[in-house]
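J.: Test case, fold it:
(one chain, ligands or ions: 1)
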Amino acid sequence: MFPAEFINGLRDSAGAARAERIVAALSAEPEVSVRVNPLKMTCAALRSHFGTMAGDPVPWASEEAFYLRARPSFTRDPLFHAGGYYVQEASSMYVGALFDRAVAALGRASGLRVLDLCAAPGGKTTQLLSHLDGMSLLVANEVVPARATVLADNVARWGCPNVAVTSSGPSAFPPLHGFFDVAVVDAPCSGEGMFRKDARAVAEWSPDTVRLCAARQRRILADVWPAVAPGGFLIYSTCTFNRLEDEDNVAWICSNLGGSCLEMRHFWPGEDRGEGFFAALIRKDGDYAAGVPAAPASLAILEKGSLVKVFPPAWSRELARLEKSCKVIASGIAVATRKGRDLVPGADLALAVPGIRTVVADLLPGLSYEPVAVSREDALRFLSKESLLLPDAPRGYVLLTFEGLGLGFVKNLGSRTNSLLPPSRRIRMQA
Ligand code: SAM
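T.: Predicted coordinates for the structure are as follows:
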């Protein structure tokens with residue numbers, strides 16, 4: 001069923017006995033796991049949302065994630081659309097643990113500049129946002145434009161203002177010399193960790209693909225390296241098992257780019273509950289000089305054309321520097337659009353983490369809306385862009401909430417509602 005060269009490579013990386021166990025595990029059902037958005041709800045509340053479906057905690061992310069006993073329709077769960085949680089492959093959540101280790105070694109948890117270079121659809125990005133403090137800045141980059149749009153949507157659902165989404169190739173980053181304290185490169189790879197989930201990954205695999213991927217990963221790593229501060233950290237990860245893309249590339253980084261590997265770990269299907277993953281924590285040579293002092297996590301209004309956003313002013317110089325090198329497609333939270341003298345609330349304001357809406361209402365009096373809790377059925381109607389009947393709610397713009405989280409805005413006309421949900425976020429009811 002699997003190519004012979006793949007099995008040979010696996011024996012080389014994992015040893016013969018383990019390779020046999022991994023191959024057997026690759027025929028089993030994939031695991032399903034979810035990670036909470038701790039800025040919006042607790043892990044205990046997410047467990048009660050899933051009820052009897054909630055299973056064991058993910059051992060290396062036990063504070064924030066757990067397995068599910070079955071795969072529900074996430075598309076039909078309004079809490080997912082409200083950014084209460086993310087569906088993420090369990091072994092790849094180890095990036096969060098490595099990130100915490102990097103932060104501890106840097107000796108400062110605040111005012112960090114962090115890059116997620118290959119970020120779509122946003123699994124690591126949303127996890128990094130959960131692990132970062134509000135006074136740090138995350139730059140989430142994705143080179144493929146259509147994937148960058150999906151990334152921006154997932155970032156918006158997470159609801160944090162201290163983030164910029166960019167869509168540039170890795171070659172845009174060398175001019176940002178020493179800019180980032182930590183960079184994550186979750187590299188495009190030959191995808192052996194996708195074999196259980198996706199038959200196409202098996203069909204597309206070949207020894208040549210592995211060699212091409214390994215060479216591409218080195219080009220990406222060489223491009224991002226100058227942007228990492230001396231003494232800063234690189235987290236390199238793949239969802240593949242072979243030595244060429246994993247250990248050999250880590251050795252290449254250390255000897256050719258100049259760093260030392262503090263930790264390197266494989267997650268094997270059949271041994272660790274997940275699809276398989278490889279991650280390494282590498283410290284760049286040089287003395288670390290803590291850059292920007294932590295500034296208060298305040299927010300300021302930024303207007304671009306008719307778009308009104310909030311962004312931490314402490315990072316506005318960095319944002320301007322970023323805009324010189326990269327294509328910034330989103331930054332902060334888009335809270336409203338100006339239409340003549342009126343402000344129309346932005347869909348992302350509904351998704352903002354608690355506290356942001358109060359700050360925004362202080363900065364822009366008028367941008368304050370009555371929350372109206374809706375049932376699952378009405379939430380799904382809203383997400384399908386159907387009209388609702390809210391006779392008891394105030395007329396005008398209304399913030400819909402589901403299980404306590406902001407979901408979106410409608411304009412309540414009494415006999416019907418007009419949805420402010422962006423068309424790209426509309427779901428199909430039969431999904
Ligand atoms: N980090 C993501 C997550 O956790 O959701 C998954 C990233 S996926 C493994 C690798 C990403 O790299 C893809 O989104 C892909 O479009 C992007 N990519 C493809 N070719 C690339 C290149 N030459 N340079 C940088 N990124 C690339």
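J.: all helices for the stretch 1-150 of the chain, in order.
T.: Assigned by DSSP state H, counting those that start in this stretch, the helices in the stretch 1-150 of the chain fall at 4-14, 16-25, 43-50, 78-81, 94-106, 123-131, 145-158.
J.: and of the ones you listed, who's closest to Pro207?
T.: Nearest to Pro207, of all these, is helix 4-14, at 4.8 Å by CB to CB. All C-beta spots, glycine's among them, are computed from the backbone N, C-alpha and C.
J.: residues in the protein within reach of the ligand, list them.
T.: 118-124, 142-144, 147, 170, 186, 188, 216, 220 (CB under 6 Å from any ligand atom).
J.: ok, which pair from those residues is furthest apart?
T.: The farthest-apart pair in those, when distances are taken by CB to CB, is Gly122 and Arg216, at 21.3 Å.
J.: Compare the two and say which is more crowded by neighbours.
T.: Higher neighbour count among Gly122 and Arg216: Gly122, with 26 against 15, using other CB atoms under 10 Å.
J.: Can you check what pLDDT the model gives that one?
T.: Per-residue confidence (pLDDT) for Gly122: 98.
J.: count of neighbours near the residue nearest to it when sequence neighbours are not counted?
T.: Spatial nearest neighbour of Gly122, excluding adjacent residues (CB to CB, 6 or more residues apart in numbering): Asn154 at 3.5 Å. Using other CB under 10 Å, Asn154 has 20 neighbouring residues.
J.: so what's Asn154 up against?
T.: Counting by CB atoms under 8 Å, 6 or more residues apart in numbering, Asn154 touches Tyr86, Pro121, Gly122, Thr125, Thr126.
J.: I'd like to know how many residues surround the closest residue in space to the fourth one that isn't next to it in sequence.
T.: Counting by CB to CB, 6+ apart, Ala140 is the residue found nearest to Thr125 once chain neighbours are left out, at 4.3 Å. Using other CB under 10 Å, Ala140 is surrounded by 30 other residues.
J.: Tell me who's in contact with Ala140.
T.: Here Ala140 is in contact with Asp116, Ala119, Gly122, Thr125, Leu151, Val155, Val163, Ala164, Val165, Thr166 (criterion: CB under 8 Å, 6+ apart).
J.: mind listing what the closest residue in space to Leu112 that isn't next to it in sequence touches?
T.: Of all residues beyond its chain neighbours, the one nearest Leu112 is Ser136 (4.1 Å), with distances taken as CB to CB, 6+ apart. Counting by CB under 8 Å, 6+ apart, Ser136 makes contact with Ala109, Ser110, Gly111, Leu112, Arg113, Val114, Asn162.
J.: who wins for neighbours among those?
T.: Counting by other CB under 10 Å, top hit in those: Val114 with 27 neighbours.
J.: what sits opposite that one in the beta ladder?
T.: Legend: beta-bridge partners of Val114 under DSSP bridges are Leu138, Val182.
J.: Wait, it touches Asp133, no?
T.: No. Look at Val114 against Asp133 with CB atoms under 8 Å: they stay out of range, at 10.9 Å.
J.: What segments of the stretch 301-431 of the chain are strands?
T.: 307-311, 328-331, 333-339, 342-345, 370-373, 396-402, 405-412, 417-419 (DSSP state E, counting those that start in this stretch).
J.: Of all the residues in stretch 76-91, which ones are buried?
T.: Neighbour counts over stretch 76-91 (16 or more other CB atoms under 10 Å) mark 76-86, 88-91 as buried.
J.: Next up, phi/psi of whatever residue of the stretch 301-431 of the chain ends up closest to the ligand, please.
T.: Nearest residue of the stretch 301-431 of the chain to the ligand (CB to the nearest ligand atom) works out as Cys326 at 12.4 Å. Per-residue torsions, Cys326: phi -120, psi 160 (degrees, to the nearest 10).
J.: Around it, how many other residues sit close by?
T.: Cys326 is flanked by 20 other residues according to other CB under 10 Å.
J.: dump the residue contacts of it.
T.: Cys326 neighbours (CB under 8 Å, 6+ apart): Val139, Asn141, Thr166, Ser167, Ser168, Ala172, Phe173.
J.: If you rank those by neighbours, which is first?
T.: Going by other CB under 10 Å, Asn141 tops the contacts of Cys326 with 29 neighbours.
J.: Flag the shaky bits of the stretch 201-350 of the chain, pLDDT-wise.
T.: 291-296 (pLDDT under 70).
J.: What's the nearest residue in it when you look at the ligand?
T.: In the stretch 201-350 of the chain, the residue that lies nearest the ligand is Ile220 (4.9 Å; CB to the nearest ligand atom).
J.: any idea how far the nearest residue to that residue once chain neighbours are set aside lies from Thr125?
T.: Excluding its sequence neighbours, the residue lying closest to Ile220 (CB to CB, 6+ apart) is Pro170, at 4.7 Å. As judged by CB to CB, to the nearest Å, Pro170 and Thr125 stand 16 Å apart.
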